[in-house]
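1. kindly return the folded structure for what I paste below:
(one chain, ligands or ions: 3)
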Amino acid sequence: MNKLLEALKGVGTVAITGHVNPDGDCIGSCMGMYLYLRDNYPQLQVDVYLKDVREVFSYIQGMDQVKENFELGDKYDLLLLFDVSSKDRICVSQEIMNAAKHTVCVDHHVTNSGLGDDNVICPEASSTAEVLFGLLEEEKISKAAAEALYTGIIHDTGMFRHPGTSAETMRIAGVLMDKGIDFSRIVDESFYTRTYRQNQIMGRTILESIMLLDGRCIVGVVSQRVMEFYGVTPKDLDGIVDQLRITRGVEVAIFLYAVGTQQFKVSMRSNGEVNVSEIAQAFGGGGHVQAAGCTMQGSFYDVVNNLTGPIERQLREKKQ
Ligand code: AMP
Ligand code: MN
Ligand code: MN
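-> Ligands and ions are numbered 1, 2, ... in the order given. This next block holds a predicted model:
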């Protein structure tokens, strides 16, 4: 028996959470686990804590049960962390770590040094949802849980395109399909459907984007003023960096949005030549080789200069 199922023995209350600004993999893993427990361990009391979940994931069952606030004093026998690489990235409240007798962390970030009492970290896996699938009993996964896990996998693989995608990823996707999930709808709802405002701000950002390093780097930025003008929040900016990345000739796409005065949230995507995780880590962030992020101080120009320096160096080294 694996560490996750082992940890469920003799437990009455379980809390589940993921990382800040939860993405499809984080949400899919948390909800996949929640639904699996709901379906197979009905005696357990299970709470999922997630904040800032984008509306597009509301097709996942049980999203209406998700708690946005953690009350100090709440106690759990077991805490399950999904897709979280370090304590400071825990969604809702880091205090939740102190509220549980035992913590199990399931993840696929290389940078995760093991923040649970027990850890299942597989850096070679495409997604946390894939790691989680490997820990569950296949025949006990319901259609609802399968929809959540499938969401996790397609989001972290960029629909089976990222290099982490393996034959095993495809096999798992096949098993989940056989549970009868509406995979077309999941893809449409969670990837393609955008509100008019989201499309507008994406269009404007691309229109105003700049090309640097001989067209090998593209930069897009959204100021607080523009976000206010369109009435959008950071959640509405998802997908912009991915659209920038597919510009022909581009190796690295950088997308910034203001989170305060002289402070930007940075998202980077690479087409393979550049390890953006290394660059994000140098500025206190992290992520994966081809998708990483961090928060940086300074003017737009300072931030861009600080990022293009190491990008240019990596591109030059690659050439030699
Ligand atoms: P994002 O650009 O925010 O979509 O993030 C891309 C990847 O980088 C995800 O796997 C995140 O988990 C990771 N990431 C983003 N921001 C940070 C950060 N500040 N610290 C560590 N990892 C991050
Ligand atoms: Mn994630
Ligand atoms: Mn992930």
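2. by proximity to ligand 3, which residue of the chain wins?
-> residue 25 (3.6 Å; CB to the ion). For the C-beta atoms, the positions are set from N, CA and C on the backbone; glycine is no exception.
3. return the distance of the helix or strand containing that residue from the chain's centre.
-> Taking DSSP states H and E as the definition, one finds residue 25 inside helix 24-40. With CA atoms, centre = their mean, to the nearest Å as the basis, helix 24-40 stands 14 Å off its chain's centre.
4. what do you get for stretch 127-136?
-> When C-alpha coordinates are averaged (CA atoms, centre = their mean), stretch 127-136 and its chain have centres 14 Å apart.
5. which residues does the residue of the chain closest to ligand 3 contact?
-> Taking CB atoms under 8 Å, 6 or more residues apart in numbering, we find residue 25 in contact with 83, 127, 128, 129, 152, 153, 155, 156.
6. which one of those sits closest to residue 295?
-> Closest approach between these and residue 295, by CB to CB: residue 83, at 18.5 Å.
7. check which residues of the longest helix belonging to the chain are buried.
-> Assignment by DSSP state H gives helix 300-319 as the longest helix of the chain. Of all the residues in helix 300-319, those buried under the rule 16 or more other CB atoms under 10 Å are 303, 304, 306, 307, 308, 310, 311, 312, 314, 315.
8. other SSEs contacting it?
-> Under the contact definition 3 or more CB pairs under 8 Å, 6 or more residues apart in numbering; DSSP states H and E, helix 300-319 sits against strand 217-222, strand 252-260, strand 263-270, helix 276-282, strand 291-297.
9. apply 6 Å and report the result again.
-> For helix 300-319, the packing partners by 3 or more CB pairs under 6 Å, 6 or more residues apart in numbering; DSSP states H and E come out as strand 217-222.
10. touching ligand 1 at all, the strand it packs on?
-> No: if you take CB under 6 Å from any ligand atom as the test, strand 217-222 misses ligand 1, and the best it gets is 12.3 Å.
11. which bits of the stretch 1-150 of the chain sit near ligand 3?
-> Listed as neighbours of ligand 3 in the stretch 1-150 of the chain under the rule CB under 5 Å from the ion: 25, 83, 128.
12. may I see these arranged in CSV, with distance to ligand 1 and pLDDT as well?
-> CSV is the format used below for these (distance: CB to the nearest ligand atom, whole Å; pLDDT from 0 to 100):
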residue, distance to ligand 1, pLDDT
25, 8, 98
83, 7, 98
128, 10, 98
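13. for these, which one is nearest residue 236?
-> Distances from residue 236 to those, taken as CB to CB, are shortest for residue 25 (19.4 Å).
14. ok, back up a step: just the CA coordinates of the longest helix of the chain, formatted as CSV?
-> Below are the C-alpha coordinates for helix 300-319, written out as CSV (Å, rounded to 0.1, in the frame of the first residue of the first chain):
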residue,chain,number,x,y,z
PHE,A,300,8.7,47.5,-16.2
TYR,A,301,12.1,48.2,-17.9
ASP,A,302,14.1,47.0,-14.8
VAL,A,303,12.2,43.8,-14.7
VAL,A,304,12.5,43.1,-18.4
ASN,A,305,16.2,43.9,-18.4
ASN,A,306,16.8,41.6,-15.5
LEU,A,307,15.1,38.8,-17.3
THR,A,308,16.5,39.2,-20.8
GLY,A,309,20.1,39.2,-19.5
PRO,A,310,20.0,35.5,-18.4
ILE,A,311,17.8,34.5,-21.3
GLU,A,312,20.3,36.0,-23.8
ARG,A,313,23.1,34.2,-21.9
GLN,A,314,21.4,30.9,-22.1
LEU,A,315,20.6,31.3,-25.8
ARG,A,316,24.2,32.2,-26.5
GLU,A,317,25.5,29.2,-24.5
LYS,A,318,23.2,26.9,-26.4
LYS,A,319,24.5,28.1,-29.7
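15. helices of this protein, start to end?
-> Assigned by DSSP H, the helices in the chain fall at 3-7, 24-40, 128-135, 143-156, 167-177, 183-187, 196-207, 224-230, 240-245, 276-282, 300-319.
16. what's the angle between the longest one and strand 263-270?
-> Using axes from the mean of the first three to the mean of the last three CA atoms, to 10 degrees, the interaxial angle of helix 300-319 with respect to strand 263-270 works out to 20 degrees.
17. could I get the contacting residues of residue 265?
-> By CB atoms under 6 Å, 6 or more residues apart in numbering, residue 265 lies in contact with 257, 259, 295.
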